[in-house]
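Visitor: Fold the following and give me the result.
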Amino acid sequence: MKVPENIYWTITGKVKDGELENMKKAIEAMVVATRNEDGAISYDFWLSEDDTTLYIHERYKDSEATLEHMKNVGNLLPAFLACVEMELITIIGNCSSELKQAWEAFGAKHVKILNCL
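Guide: Numbering: from 1, shown residues only. Here you go, the predicted model:
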């Protein structure tokens, strides 16, 4: 089994009362900042039908690309976090120790690979 280098994460969060429009603006700023990242493979934000729960799915080439993304959008995170209460953050992939440490502040859970193509 060859372990893939890609790093994925999924995040679930609750939209804070009255913050839906501010959240959308914060997300748009992060999407614009991410568009030119060579290592970004997917950067997807989904909203529940009742506009109360946000689902995020991101995928990057490897740990280095992920760390670069985190630096790139780091100054935009406060505006986003002011609008969303993070509930569950799951990191999937063979993360470097530096990347694991970067996610510790967010209470992220890392999972290990069981099997793959």
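Visitor: where exactly do the helices run in this protein?
Guide: Taking DSSP state H to define them, one finds helices in the chain at 20-34, 63-73, 77-81, 97-104.
Visitor: most tightly surrounded among the ones you listed?
Guide: By mean neighbour count, with neighbours taken as mean count of other CB atoms under 10 Å, helix 63-73 ranks first of these at a mean of 18. Just so you know, the C-beta spots here come from the backbone N, C-alpha and C atoms, and that holds for glycine as well.
Visitor: where's that one relative to the chain centroid, distance-wise?
Guide: Centre-to-centre, helix 63-73 and its host chain are 10 Å apart (CA atoms, centre = their mean, to the nearest Å).
Visitor: same question, stretch 40-55
Guide: Using CA atoms, centre = their mean, the offset of stretch 40-55 from its chain centre is 11 Å.
Visitor: Pull the residues that contact that stretch.
Guide: Surrounding stretch 40-55, the residues in contact under the criterion CB atoms under 8 Å, 6 or more residues apart in numbering are 6, 10-15, 20, 23, 27, 30-31, 34, 56-61, 65, 69, 84.
Visitor: follow-up on the earlier one: and the helices of the chain, which one is worst for confidence?
Guide: Lowest mean pLDDT within those: helix 97-104, at a mean of 91.
Visitor: Quick one: residues in contact with that one.
Guide: Defining contact as CB under 8 Å, 6+ apart, one finds that helix 97-104 is touched by 7, 63, 66-67, 70, 89, 91, 95, 110.
Visitor: what do you get for stretch 60-74?
Guide: Residues contacting stretch 60-74 (CB under 8 Å, 6+ apart): 5-8, 30, 33-34, 37-41, 58, 93-96, 98-99, 102.
Visitor: With just CA atoms, put it into PDB.
Guide: Taking Å, rounded to 0.1, in the frame of the first residue of the first chain, the C-alpha atoms of stretch 60-74 are listed here in PDB:
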ATOM      1  CA  TYR A  60      -4.000  19.800  -0.600                       C
ATOM      2  CA  LYS A  61      -1.100  18.200  -2.500                       C
ATOM      3  CA  ASP A  62       0.900  17.500   0.700                       C
ATOM      4  CA  SER A  63       1.800  18.800   4.200                       C
ATOM      5  CA  GLU A  64       4.000  21.600   2.700                       C
ATOM      6  CA  ALA A  65       1.100  22.900   0.500                       C
ATOM      7  CA  THR A  66      -1.200  22.700   3.500                       C
ATOM      8  CA  LEU A  67       1.100  24.800   5.700                       C
ATOM      9  CA  GLU A  68       1.500  27.300   2.800                       C
ATOM     10  CA  HIS A  69      -2.300  27.600   2.600                       C
ATOM     11  CA  MET A  70      -2.600  28.100   6.300                       C
ATOM     12  CA  LYS A  71      -0.100  31.000   6.100                       C
ATOM     13  CA  ASN A  72      -1.800  32.400   3.100                       C
ATOM     14  CA  VAL A  73      -5.300  32.700   4.700                       C
ATOM     15  CA  GLY A  74      -4.100  33.100   8.300                       C
END
